[in-house]
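**Q** using only what follows, build the 3D model:
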Amino acid sequence: MKNLKQIAVVFSLLLAVFFTAEQAVAQSDVMGGVKSAIKAGSSKDLARNFSNVVEITLEGGDATSYSSTQAEFVMKNFFSKNPPADFSISHQGTSDKGQRYAIGSYTSKNGTYTVLVRVKDSKIQSMNFIKD
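**A** Numbering: from 1, shown residues only. The predicted structure is shown next:
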């Protein structure tokens, strides 16, 4: 009976570690997908990572919340006006509340932008493109 309890405890701990590691991998996969999509200027690929509602700020304007479908069109318009030359992520982290973020640099033919992407539960919550 004692061995059965020990096995149950060990099994529970292994499951907890597995699910925590799986969530961390999913979060990093999201950032990799975001990086690839922005670098390619693909609003369609970027939209695969959007939450149901995404807050987008472009070029110092006001933050506006969009449905994922609307956000895809907003980003498609942005990429068509500012075609990507390069995108790199310079810093990634996690807030005290568990929200992941990435800060990067987007270079287009029309200028350079500092980009802030916030992710929660493996979905993009907000994106800011700030013209340098």
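**Q** point to the helix or strand of the protein where mean pLDDT is at its lowest.
**A** Every helix and strand in the chain was compared by mean pLDDT, DSSP states H and E; the lowest is helix 2-40, with a mean of 63.
**Q** now whatever helix or strand comes next after that helix: buried residues?
**A** Proceeding N to C from helix 2-40, the next assigned helix or strand is helix 43-47, under DSSP states H and E. Under the neighbour-count criterion of 16 or more other Cβ atoms under 10 Å, helix 43-47 has Ser43, Leu46, Ala47 buried. In this view, the C-beta of every residue, glycine as well, is placed from N, C-alpha and C.
**Q** also stretch 119-128?
**A** Result for stretch 119-128 [16+ other Cβ under 10 Å]: buried residues Val119, Lys120, Ser122, Ile124, Gln125, Ser126, Met127, Asn128.
**Q** redo those as CSV? Include distance to Ser67 and pLDDT.
**A** Conversion of the buried residues of stretch 119-128 to CSV gives the following (distance: Cβ to Cβ, whole Å; pLDDT from 0 to 100):
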residue, distance to Ser67, pLDDT
Val119, 18, 95
Lys120, 17, 91
Ser122, 18, 92
Ile124, 13, 96
Gln125, 13, 96
Ser126, 14, 97
Met127, 14, 97
Asn128, 18, 97
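**Q** distance between stretch 61-76 and the chain's centre?
**A** Here stretch 61-76 is found 15 Å from its chain centre; the criterion is Cα atoms, centre = their mean, to the nearest Å.
**Q** same question, stretch 93-100
**A** With Cα atoms, centre = their mean, you get 12 Å for stretch 93-100.
**Q** do stretch 32-39 as well
**A** For stretch 32-39, the distance to the chain centre is 9 Å (Cα atoms, centre = their mean).
**Q** what's the most distant pair in the buried residues of stretch 119-128?
**A** Farthest-apart pair in the buried residues of stretch 119-128 is Ser122 and Asn128; separation 19.5 Å (Cβ to Cβ).
**Q** quick revisit: and the buried residues of stretch 119-128, which is closest to Gly111?
**A** Closest to Gly111, out of all of the buried residues of stretch 119-128 and judged by Cβ to Cβ, is Asn128, at 15.0 Å.
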